[in-house]
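Quick one, fold the following:
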Amino acid sequence: MAMQRLDKIICAAGLATRSEVKKLIKSGAVAVDGVVASDGGMKLETGAHTISCCGKPVNTDHSRCFMLNKPKGVLSATEDREQKTVLDLFSPELRALGLFPVGRLDKDTTGLLLLTNDGELSHKITSPRHSVVKCYEALVDGELTEQDAASFAEGIELRDGTKCLPARLKLDPAEASRAQVYISEGKYHQVKRMLAALGKPVLELHRRSIGALELDLALSPGEYRELSDEEIELLFTK
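Reported below is the predicted structural model:
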């Protein structure tokens with residue numbers, strides 16, 4: 001197996017910078033297989049040891065995936081010269097992992113957005129072939145009807161002639177201008193364009209879930225946390 005320095009392993013996990021790791025090791029906050037480490041230069045077999053930092057296990061898997069509660073006014077991009085992006089919400093250590101958004105949410109759309117450095121995982125989530133369903137909560141200008149729901153079920157034709165796959169529009173019995181939208185595609189501005197095609201332009205849009213994974217309500221707008229392996233499996237559960 002490949003050998004790697006302890007300090008590099010901790011840096012690669014996105015927990016701290018190289019200088020911060022040195023301080024953590026010096027303070028006795030890092031342990032390898034339950035034994036306090038004193039040398040950041042010690043070489044370890046990748047994936048063969050249990051490493052902890054400040055009492056918490058260090059994720060040595062280079063494939064990482066995070067859930068973000070995306071706030072309004074932030075671009076779903078890795079960088080932009082003029083506007084704030086979702087990567088700007090992450091710590092420098094985590095940005096260094098090479099994270100990127102899985103798909104995108106519009107600048108004014110909020111809610112569940114995934115960021116990963118795993119291209120294969122991203123493709124699996126976004127590819128129409130895998131039919132991963134995304135759920136959005138929409139507030140529109142107008143009143144949604146059962147006929148609108150039937151149009152969604154048949155497959156909405158957008159104003160430019162593009163035909164969308166059959167989708168679900170779940171009406172809110174308490175408020176006719178609100179509904180939940182379930183789609184398995186990811187066309188540009190798709191939910192907004194689908195509702196606009198019905199003459200009901202979107203005023204607010206919030207993504208609630210991907211597959212069976214729902215946005216963690218404990219996350220305030222702009223906050224994020226890493227997904228567990230079990231939660232990643234939920235992405236592909238209908």
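
Pull the contacting residues for the residue nearest to Asp118 when sequence neighbours are not counted.
Nearest residue to Asp118 in three dimensions, chain neighbours excluded: Ser63, at 4.3 Å (C-beta to C-beta, 6 or more residues apart in numbering). Every residue, glycine included, has its C-beta placed from N, CA and C. Counting by C-beta atoms under 8 Å, 6 or more residues apart in numbering, Ser63 touches Thr116, Asn117, Asp118, Leu121.

If we use 7 Å, what do you get?
Applying C-beta atoms under 7 Å, 6 or more residues apart in numbering, we find Ser63 in contact with Asn117, Asp118, Leu121.

export those residues to TSV and tack on neighbour count, pLDDT and distance to Ser127?
Below are the contacts of Ser63 laid out as TSV (neighbours: other C-beta atoms under 10 Å; pLDDT from 0 to 100; distance: C-beta to C-beta, whole Å):
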residue	neighbour count	pLDDT	distance to Ser127
Asn117	18	88	18
Asp118	19	89	14
Leu121	17	91	11
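
Point me to the helix or strand that includes the residue nearest to Asp118.
For Ser63, there is no enclosing helix or strand under DSSP states H and E.

do you know how far it is from Met3?
Distance check for Ser63 against Met3: by C-beta to C-beta, to the nearest Å, it reads 20 Å.

try Gly211
37 Å.

So these two - more neighbours on which side?
Gly211 (20 against 10; other C-beta atoms under 10 Å).

Tell me who's in contact with the more buried one.
Each residue near Gly211 by C-beta under 7 Å, 6+ apart is listed here: Val132, Val133, Leu234, Leu235, Phe236, Thr237, Lys238.

Mind doing that once more with 6 Å?
Val132, Leu234, Leu235, Phe236, Thr237 (C-beta atoms under 6 Å, 6 or more residues apart in numbering).

need the contact list for the most centrally placed residue in the chain.
Taking C-alpha atoms, centre = their mean, the centroid of the chain lies closest to Leu114, which sits 0.9 Å from it. Counting by C-beta under 6 Å, 6+ apart, Leu114 touches Val102.

Go again with 10 Å.
65-68, 99-103, 121-122, 125-126, 210, 213, 224, 227, 232, 235 (C-beta atoms under 10 Å, 6 or more residues apart in numbering).

Repeat that for Lys200.
Counting by C-beta under 10 Å, 6+ apart, Lys200 has contacts Ala138, Val140, Asp141, Gly142, Glu143, Leu144, Thr145, Asp148, Ser177, Ala179, Met194.

tell me the SS of it?
Assigned with DSSP: H, G, I helix; E, B strand; the rest coil, Lys200 falls in the coil class.

how far away is the nearest residue to Gly98 once chain neighbours are set aside from Leu94?
Spatial nearest neighbour of Gly98, chain neighbours left out: Asn117 (4.3 Å); criterion: C-beta to C-beta, 6+ apart. Relative to Leu94, Asn117 is positioned 10 Å away (C-beta to C-beta).

just Gln4 next, same as before
19 Å.

Now do the contacts for the residue nearest to Gly98.
Taking C-beta under 10 Å, 6+ apart, one finds Gly14, His62, Ser63, Arg64, Cys65, Phe66, Leu94, Ala96, Leu97, Gly98, Leu99, Phe100 in contact with Asn117.
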